[in-house]
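Asker: Next comes the sequence, and after it the predicted model I'd like to discuss.
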Amino acid sequence: MKALSDSNRIKIIKLLEQKELCVCEITTALGLAQPTVSKHLKLLEDAELIASRKDASWVNYRLAPDDNHPYQASLLRLIKTWLNDEKDITELINRLDEFDRSKLKA
């Protein structure tokens, strides 16, 4: 539960419900520094709520697979029903295409 105690980590989870994202996309979406986002991602990954995979020079993050531990899988299913009408969350999701790595400046 500590992993979900920060609003930015909740936003990361809600973004990853939509699609797999890299650190630069999450950083842009949240307007946070890359080291801050990396710390949030590490905490969520340690809690086994998200998973990562390397794709060339990118590290992509996604929600943990359903065959994860039963507690984490149940929690992720519940989170999908939370905060869907929250203004900050809906704005982020509606702007998700703006954060695509192909559209971000190098």
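Answerer: That came through, no problem.

Asker: quick one: the residue nearest the centre of the chain from residue 42, how far?
Answerer: For the chain, the residue sitting closest to the mean C-alpha position, by C-alpha atoms, centre = their mean, is residue 12 at 2.9 Å. Counting by C-beta to C-beta, to the nearest Å, the gap from residue 12 to residue 42 is 11 Å. Using the backbone N, CA and C atoms, a C-beta is placed for each residue, glycine as well.

Asker: Also residue 92?
Answerer: In terms of C-beta to C-beta, residue 92 sits 21 Å off from residue 42.

Asker: neighbour-wise, which of those two wins?
Answerer: More crowded of residue 92 and residue 42, by other C-beta atoms under 10 Å: residue 92, with 19 against 12.

Asker: What does the pLDDT read for the more buried one?
Answerer: As predicted, residue 92 sits at a pLDDT of 93.

Asker: Helix, strand, or coil at residue 60?
Answerer: Under the three-state scheme (DSSP: H, G, I helix; E, B strand; the rest coil), residue 60 adopts strand.

Asker: Going forward, the N-terminal residue is numbered 805.
Answerer: Fine by me, first position is 805 from now on; the one you just mentioned is residue 864.

Asker: so it bridges to which residues?
Answerer: Assessed by DSSP bridges, residue 864 has beta-bridge partners residue 826, residue 857.

Asker: Would you quantify the distance from it to residue 875?
Answerer: Noted for residue 864: a distance of 24 Å to residue 875, by C-beta to C-beta.

Asker: More neighbours: which of the two?
Answerer: A direct count of neighbours by other C-beta under 10 Å for residue 864 and residue 875 places residue 864 higher, at 17 against 10.

Asker: surely the more buried one meets residue 824?
Answerer: Yes: using C-beta atoms under 8 Å, residue 864 is in contact with residue 824, at 4.8 Å.

Asker: Now that we're looking at the residue nearest to residue 848 when sequence neighbours are not counted, what pLDDT does it have?
Answerer: Nearest residue to residue 848 in three dimensions, chain neighbours excluded: residue 854, at 4.6 Å (C-beta to C-beta, 6 or more residues apart in numbering). Listed pLDDT for residue 854 reads 96.

Asker: Can you show me the helices along the chain?
Answerer: 811-822, 827-834, 838-850, 874-883, 891-898 (DSSP state H).
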